[in-house]
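Q: output the structure for:
(one chain, ligands or ions: 1)
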Amino acid sequence: MEWLGNNPKSIGIHRVSSSRQKDNTSHGVQGHETDEYCKFNGLCLERVFEIVESAKDSDLRKKYHAAIKWALDNDIRHIIFYMFDREARNLTDNEENEKLVRRDRIVLHYVRERKVLHKWSPDSDFLMRDFHAIQNKQYSRTLSAKVGDSMRRKAEEGWYPANIPPLGYVPQATHNEEGKERRRGKVVGLDPILKNRQTVLREYELRARGLSFEEIRKKIIDEGLCPTRTSLTYHASVVESRIKNPFYRGRFRWEGKEYQGKHELFISKNILDAVDRTLYKRHYALKPVTNDNALGGGWITCALPGCGCSIGYDPKVKKYRNGAEQVFHYHHCTNGRRAHKSMKGMNITSEKLWEQLETALDAISVTADFVKELTDAMNEAQRKTQKATIVEMDNFKAAIEITHKREDELYADYKTGLVTESFYIRQVEQVRQERLRFTDQLKRAQLSISNAGMETAKTILELCTSAKSLWEKRTPLERREFLNEILSNPVLDGPTVRYELKKPFRILSEMKESEKWRTRKGSNL
Ligand SMILES: [Zn+2]
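A: So this is what the prediction gives:
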């Protein structure tokens with residue numbers, strides 16, 4: 001095994017998806033299998049990092065980076081993950097590790113998949129790993145989309161979906177027909193603490209009389225309506241945002257849209273009208289994304305150093321003498337930082353933008369021949385892994401067989417009076433535990449032979465094969481959604497659109513051009 005090098009030092013990184021799992025078997029199983037894996041491969045496990053995936057992504061990544069850093073500082077060569085999806089849920093981490101692997105600084109192991117990624121691994125193996133990462137990303141994306149959907153539904157039903165409603169209101173449980181509290185589906189009710197409502201009401205009354213936000217703040221504190229505990233954070237801006245909050249007028253904003261709420265109001269219409277007359281703020285309506293402005297609204301940003309503003313959609317209608325009209329779908333930098341001295345010649349049409357964005361399709365489009373070659377290479381690598389797994393499975397089967405024999409022997413010893421009953425019971429218990437462990441591992445090895453990763457790879461390759469023909473059938477909005485999947489950071493540089501292809505599409509496009517991977521695909525684990 002060329003990947004072993006002369007350094008067997010390893011660390012394990014285990015991750016479980018929530019703190020609730022911390023006490024259950026998840027860590028145990030991962031730890032146990034990692035131990036076995038190391039023994040089997042002659043690796044020396046120096047330390048295990050157990051990372052509980054918390055809600056906060058940044059904490060999680062901090063711990064993860066600390067583990068990798070510790071490994072690098074301590075001359076560790078092998079990083080052992082339990083599963084592909086335990087490595088990195090985001091592609092940035094993925095890429096950093098890949099660089100280290102390519103430099104032969106570290107070797108990555110995936111216990112469950114029986115996969116090793118090292119300097120001499122074929123490109124298709126690296127690609128496979130990206131497919132996994134993308135799959136995980138896709139998963140968390142669908143998950144958050146689902147959460148978003150149910151919140152939006154709630155908003156449409158007229159209930160503010162956030163956990164904490166504005167001051168004066170509290171979340172309120174609903175009851176079912178039998179009068180039992182529903183676990184889900186909280187609505188918004190009036191705060192039973194009267195003082196909270198009085199504070200808001202008083203703020204509105206004072207505003208209706210024409211006081212400034214700062215004057216209101218002072219008065220509220222003087223009148224003892226503001227709890228001492230919050231007086232330090234009770235700024236004029238707090239008053240202002242409350243006075244302007246449509247929530248107290250029966251409406252609320254959610255994800256850029258305004259909804260009509262069903263919550264009860266406690267400020268009279270007279271006061272509300274008087275307050276509204278004191279506010280002269282221009283009303284900003286968010287433009288919904290439509291087929292016409294699909295490329296506007298900041299989806300593309302300006303490439304000029306010191307600018308970086310959104311590229312906005314700004315159609316111009318030209319009227320001809322004969323009464324005919326023509327719309328020019330222009331886009332240009334919104335120039336919010338005044339980085340451009342003049343906007344002359346900065347208009348670029350939708351057609352010109354689309355034309356350039358379509359080059360991304362050419363970059364990822366692959367021929368059937370290429371796909372065949374690539375899947376062959378991946379299948380070959382897969383077969384080799386499976387072969388190794390089968391050898392391992394045979395070992396487990398043999399070990400299970402031994403436990404059976406051992407149990408028979410113990411029984412014979414006990415029957416002939418060679419060992420005492422208590423000794424026999426203890427020993428049998430131990431042997432059975434051992435058998436259970438081996439059986440479990442056998443099952444897992446069997447699972448790893450079936451391959452979900454290949455399915456993802458095939459889906460992505462199919463997407464690349466059909467990208468061009470599908471493009472023609474898509475609406476501009478759907479095209480933009482599709483581009484979101486394959487490229488990042490589109491910027492407008494003068495008349496030129498630049499973008500980066502996301503991994504693994506970038507690798508795919510590079511592989512398409514290069515012959516190198518074809519010669520390397522023969523090498524393996
Ligand atoms: Zn600009």
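Q: let me see the domain layout of the chain.
A: Structural domains assigned to the chain are 9-145, 169-282, 301-349, 368-455, following automatic domain parsing.
Q: and the ones you listed, which one is worst for confidence?
A: Per-stretch averages of pLDDT across the domains of the chain put domain 9-145 at the bottom, with a mean of 75.
Q: so what are the sheet partners of the host helix or strand of Val317 and their directions?
A: With the criterion set as DSSP states H and E, the secondary-structure element containing Val317 is strand 316-319. Pairing partners of strand 316-319, with direction, according to DSSP bridges: strand 325-328 (antiparallel).
Q: need the next SSE after the partner strand, C-terminal direction.
A: Sequence order places strand 330-333 as the next helix or strand after strand 325-328, per DSSP H and E.
Q: contacts for that next one?
A: Contacts to strand 330-333, defined as C-beta atoms under 8 Å, 6 or more residues apart in numbering, come from residues 295-296, 300, 302, 304, 307, 309-316, 340, 343, 346-350, 353, 492. Quick note: C-beta positions are derived from backbone N, CA and C, even for glycine.
Q: mark which of those residues are buried, thanks.
A: Neighbour counting with 16 or more other C-beta atoms under 10 Å marks 295-296, 300, 302, 304, 307, 309-313, 340, 346-348, 350, 353, 492 as buried within these.
Q: which members of the residues you listed occur in helices, if any?
A: Within those, membership in helices is found for Ser350, Leu353, as judged by DSSP state H.
Q: of the buried ones among the contacts of strand 330-333, list those near the ion.
A: Taking C-beta under 5 Å from the ion, the overlap between these and the neighbourhood of the ion is Cys302, Leu304, Cys307, Cys309.
Q: which elements pack onto the helix or strand containing Val116?
A: With elements taken from DSSP H and E, the one containing Val116 is strand 115-117. The helices and strands touching strand 115-117, judged by 3 or more C-beta pairs under 8 Å, 6 or more residues apart in numbering; DSSP states H and E, are strand 107-110, helix 123-156.
Q: near the ion, which residues of the protein? Just list them.
A: That would be Cys302, Leu304, Cys307, Cys309, Cys333, which are the residues of the chain within reach of the ion (C-beta under 5 Å from the ion).
Q: now stretch 191-204: how far from the chain's centre is it?
A: A distance of 40 Å separates the centroid of the chain from that of stretch 191-204, by C-alpha atoms, centre = their mean, to the nearest Å.
Q: which of the residues in it are buried?
A: Buried residues in stretch 191-204 (16+ other C-beta under 10 Å): Asp191, Asn196, Arg197, Thr199, Val200, Leu201, Arg202, Glu203, Tyr204.
Q: who's in contact with that stretch?
A: If you take C-beta under 8 Å, 6+ apart as the criterion, stretch 191-204 is touched by 166-170, 190, 216, 219-220, 223, 225-227, 239, 242-243, 248, 266-267, 271-272, 275.
Q: pull that stretch out as CSV, backbone CA atoms only.
A: C-alpha atoms of stretch 191-204 as CSV (Å, rounded to 0.1, in the frame of the first residue of the first chain):
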residue,chain,number,x,y,z
ASP,A,191,-48.8,39.4,25.8
PRO,A,192,-50.4,38.7,29.2
ILE,A,193,-47.8,41.0,30.8
LEU,A,194,-49.8,44.3,30.5
LYS,A,195,-46.8,46.5,30.9
ASN,A,196,-45.2,45.3,27.7
ARG,A,197,-48.3,46.3,25.7
GLN,A,198,-48.5,49.6,27.6
THR,A,199,-45.0,50.5,26.6
VAL,A,200,-45.7,50.0,23.0
LEU,A,201,-49.0,51.8,23.2
ARG,A,202,-47.4,54.8,25.0
GLU,A,203,-44.7,55.0,22.4
TYR,A,204,-47.4,55.3,19.7
